[in-house]
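Visitor: show me the folded form of this:
(one chain, ligands or ions: 1)
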Amino acid sequence: MTTNKALRWYNKLSLVHDLLSFRDWPYREVREQAINALDIQPGDTVIDMFCGTGINFGSILDGMGQHGHLLGIDGSAGMLARARQRIQKAGWNQAQITLLEKDVFDLSPDFVAEILPLEQPPKVLITLALGIFANYEAVFTKIFNAMPAATRFAILEGYCGADSRGAWLLNFIGHSDCSRPVWEPVKALTDEYQELWYPTKFKYIKGSFIVASGVKRC
Ligand SMILES: C[S@@+](CC[C@H](N)C(=O)[O-])C[C@H]1O[C@@H](n2cnc3c(N)ncnc32)[C@H](O)[C@@H]1O
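Guide: Below you'll find the model as predicted:
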């Protein structure tokens, strides 16, 4: 049993997560934009950090074809159990998918090399997760440092001012703080940096989504 408060919350939330997120209706389009920003090619290795219930998996697998590999990492056993159910239900090739249950704070500095033999730099996706961490810069930097040069990163996050209408709702459900400028470390550390902003679909929530992407310098 984890002592991490956010992970204990996500273990409980996993039972209703996909229903509570309206089967992904508010995020579907921006999620696709984040996955597009990764420019996934047949045969790629894609790491879905904080993969949750595996909502990104279908689009990632479509992009990489039969010869790519998907590594999903999450610290919540409950969320990963849902991801496993999703994989089984969809009938995806399980040999192409590795799921790892690990708290990001417990990952070794070299975790990718320890899990996967990499023939070429992977692509790293982080959706709706960095805002959970008060020390999001350190968390992103840890993931960044574990990847080889030329790794492409794409993140998706909701953003609202701390006092924006509806911010409390996003923060309550996601156990995160949507006023954190989580794209800044991506901007500081990568080349070919791009950011795209989108309005939220819920009129009640005065905020936006950001997709930020870039490539680790060689
Ligand atoms: C809001 S969910 C996002 C899930 C998925 N990426 C998506 O777009 O729906 C955040 C995820 O981060 C995971 N998480 C939170 N803190 C974590 C930690 N310290 N280590 C690993 N995973 C963590 C949670 O278990 C949860 O699945």
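
Visitor: buried residues, stretch 43-51. List them.
Guide: By 16 or more other Cβ atoms under 10 Å, the buried positions in stretch 43-51 come out as 44-51. Every C-beta, even on glycine, is put in place using the N, C-alpha and C of the backbone.

Visitor: what does the chain put close to the ligand?
Guide: By Cβ under 6 Å from any ligand atom, the residues of the chain that approach the ligand are 4, 6-7, 10, 50-52, 55, 74-76, 79, 103-105, 127-129, 132, 174.

Visitor: just checking, which of those residues belong to helices?
Guide: 6-7, 10, 79, 174 (DSSP state H).

Visitor: count the residues that sit near Glu119.
Guide: 8 (other Cβ atoms under 10 Å).

Visitor: show me where the chain has its helices.
Guide: 5-13, 17-20, 28-37, 57-64, 77-90, 111-115, 136-145, 167-174, 184-189.

Visitor: before we move on, the earlier item: write a PyMOL command that selects only the buried members of the residues of the chain next to the ligand.
Guide: Buried residues among these (16+ other Cβ under 10 Å), as a PyMOL selection:
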select buried, resi 6+7+10+50+51+52+55+74+75+76+79+104+127+128+129+132+174
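
Visitor: beta-bridge partners for Glu157, please?
Guide: Ile210 (DSSP bridges).

Visitor: list the contacts of the closest residue to Gln194 other than its chain neighbours.
Guide: Closest residue to Gln194 apart from its sequence neighbours, by Cβ to Cβ, 6 or more residues apart in numbering: Ser213 at 5.3 Å. Ser213 makes contacts with 34, 37-38, 152-155, 186, 190, 192-195, as judged by Cβ atoms under 8 Å, 6 or more residues apart in numbering.

Visitor: might one say that Lys102 is in contact with Ser76?
Guide: No - with contacts counted by Cβ atoms under 8 Å, Lys102 stays clear of Ser76, the gap being 10.3 Å.
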